[in-house]
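# next input, structure requested:
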Amino acid sequence: MNSVSFLYGKESIEYDFEEENLLAVLTSSLEEFRPADSGEALVEEALRSPIDASPLSELARGKKRIVLIASDHTRPVPSRVLIPPMLREIRKGNPEADVTILIATGCHRGTTREELIQKFGKEIVEREKIVVHDCDDGENLVSIGTLPSGGDCVINRLAAEADLLVAEGFIEPHFFAGFSGGRKSVLPGICGRNTVLGNHCSEFIAHPAASTGVLENNPIHRDMLWAAKKAKLAFIVNVVLNSEKEILFAVAGDVEAAHQKGCEFLLRYCKVLSPLGDIVISTNGGFPLDQNVYQAVKGMTAAEGAVKEGGVIIMLALCADGVGGDHFYRQLTDEPNIEKTMRIFLARGREETLPDQWQTQILLRVLMRARVILVSEIDPKTVEKMHMIPASSLKEALDVAKKIVGKEKPEIVAIPDGVGVVVRA
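Modelled structure (predicted):
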């Protein structure tokens with residue numbers, strides 16, 4: 001027997017597989033990587049040795065209004081480790097600087113005070129000026145130009161008017177932007193809703209380069225990088241994390257060069273070659289990334305690259321917060337024919353993109369390749385309406401999957417952390 005542990009909420013699901021059935025277990029070798037120092041020390045070293053940029057303390061000199069973009073509650077960025085040394089460096093160069101921490105919510109809901117305390121600690125929340133970005137707050141948004149794709153690039157006014165704009169973040173594989181981190185702090189992080197919608201249009205989502213681990217020729221990445229540079233994002237601190245959310249690697253400096261170095265490091269460890277399985281079991285990396293079905297689509301795309309056409313994907317995602325958005329839910333459930341919904345999406349122009357359409361489009365693409373069984377806390381009827389099969393346990397899901405593929409001993413591929421790998425068949 002071969003025991004595999006799958007991340008699920010704040011816990012894990014253990015399952016014993018017969019070795020002859022288990023075709024592959026796809027894991028990032030990041031889990032075996034041992035950093036030379038603690039996370040705090042790695043961040044400090046990155047700040048001392050910025051890539052293609054002056055030290056943050058030097059950049060802060062003479063700057064009156066400094067904005068530090070920070071991730072929101074949906075991202076496992078270790079802000080308690082990143083923000084304090086960044087603030088120290090800023091104030092080392094300019095003790096009188098007016099610093100605002102701008103929470104990059106993108107099109108997510110606003111981060112609550114409780115979530116801010118959990119993320120930064122009470123001392124920073126009470127001491128620092130913190131503003132939560134609102135993508136629909138027109139009075140606090142301003143256009144900074146036209147994106148390469150032709151869309152209007154609208155960002156938060158605080159960032160646009162800052163004398164110095166910097167950002168924290170983390171780098172992980174991203175299912176259509178290639179990788180998270182770097183330029184994503186600006187787009188979608190602090191952009192207006194229409195700018196985000198245009199960047200996430202069906203044309204770009206369907207582009208072959210808009211996939212996990214790919215930056216070259218990726219139209220979504222191209223717009224994001226342009227936006228970051230146009231916004232004058234002068235300095236980033238980004239980290240790479242393992243499944244325990246521990247810092248393994250840190251980069252600081254230029255938004256493109258530092259991010260590129262972080263992506264190259266990550267790809268060396270997280271790229272995995274996979275045979276195609278009858279059944280592929282995936283996760284969304286556990287809490288906080290598997291809070292809803294919307295986010296769980298990311299882990300499904302890892303399985304998409306490892307499953308045979310007409311096979312079955314078993315998605316393990318707790319989904320304690322439910323579906324993850326009414327737009328997403330309605331787009332999936334209002335039309336029973338998923339091929340028809342996909343045709344409607346692909347016919348829409350860049351300026352006609354609807355909220356959450358990109359996530360729905362990707363899930364539809366997955367569903368058109370394989371059946372999806374969702375193990376979660378979601379009401380089974382809701383799961384069925386979303387064109388997936390509900391299951392209460394991995395064992396139940398496997399029993400159903402075997403019937404679908406028509407094999408008592410199907411070939412199974414296991415992906416314990418679906419957002420932590422770049423799968424290549």
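# only C-alpha atoms from now on, for both contacts and neighbour counts.
OK.
# okay, and residue 291 sits in which element?
Of the helices and strands defined by DSSP states H and E, none includes residue 291.
# what about the closest residue to it other than its chain neighbours, distance to residue 375?
Distances taken as C-alpha to C-alpha, 6 or more residues apart in numbering place residue 319 nearest to residue 291, at 4.3 Å, with adjacent residues excluded. Computed as C-alpha to C-alpha, to the nearest Å, the residue 319 to residue 375 distance reads 9 Å.
# what do you get for residue 147?
For residue 147, the distance to residue 375 under the criterion C-alpha to C-alpha works out to 40 Å.
# which of those two has more neighbours?
Legend: neighbour count by other C-alpha atoms under 10 Å for residue 147 and residue 375, higher for residue 375 (25 against 20).
# related to what we said a few turns ago, what's around the residue nearest to residue 291, how many residues?
In terms of burial, residue 319 registers 27 neighbours under the definition other C-alpha under 10 Å.
# domain ranges for this structure, per the record?
With automatic domain parsing serving as the domain definition, the record reports that the chain contains domains spanning 2-26+274-424, 39-269.
# quick one on the thing from earlier: list phi and psi for the residue nearest to residue 291.
When quoted as degrees, to the nearest 10, the phi and psi of residue 319 stand at phi 60, psi 50.
# ok, it - contacts?
Contacts here follow C-alpha atoms under 8 Å, 6 or more residues apart in numbering; on that basis residue 319 touches 9, 290, 291, 292, 293, 376, 377, 378.
# swap in residue 199?
If you count contacts by C-alpha under 8 Å, 6+ apart, then residue 199 has 149, 151, 220, 223, 350 around it.
# and it, how far is that from residue 69?
Using C-alpha to C-alpha, one gets 20 Å for the distance from residue 199 to residue 69.
# hmm, residue 158 is touching residue 139, no?
No - at 11.1 Å, residue 158 does not count as touching residue 139 under the criterion of C-alpha atoms under 8 Å.
# more neighbours: the two, which one.
Between residue 158 and residue 139, counting by other C-alpha under 10 Å, residue 158 is the more crowded of the two (21 against 8).
# before we move on, the earlier item: want to throw the contacts of residue 199 into TSV with neighbour count, distance to residue 79 and secondary structure?
Conversion of the contacts of residue 199 to TSV gives the following (neighbours: other C-alpha atoms under 10 Å; distance: C-alpha to C-alpha, whole Å; DSSP: H, G, I helix; E, B strand; the rest coil):
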residue	neighbour count	distance to residue 79	secondary structure
149	14	32	coil
151	18	31	coil
220	25	26	helix
223	22	26	helix
350	20	34	helix
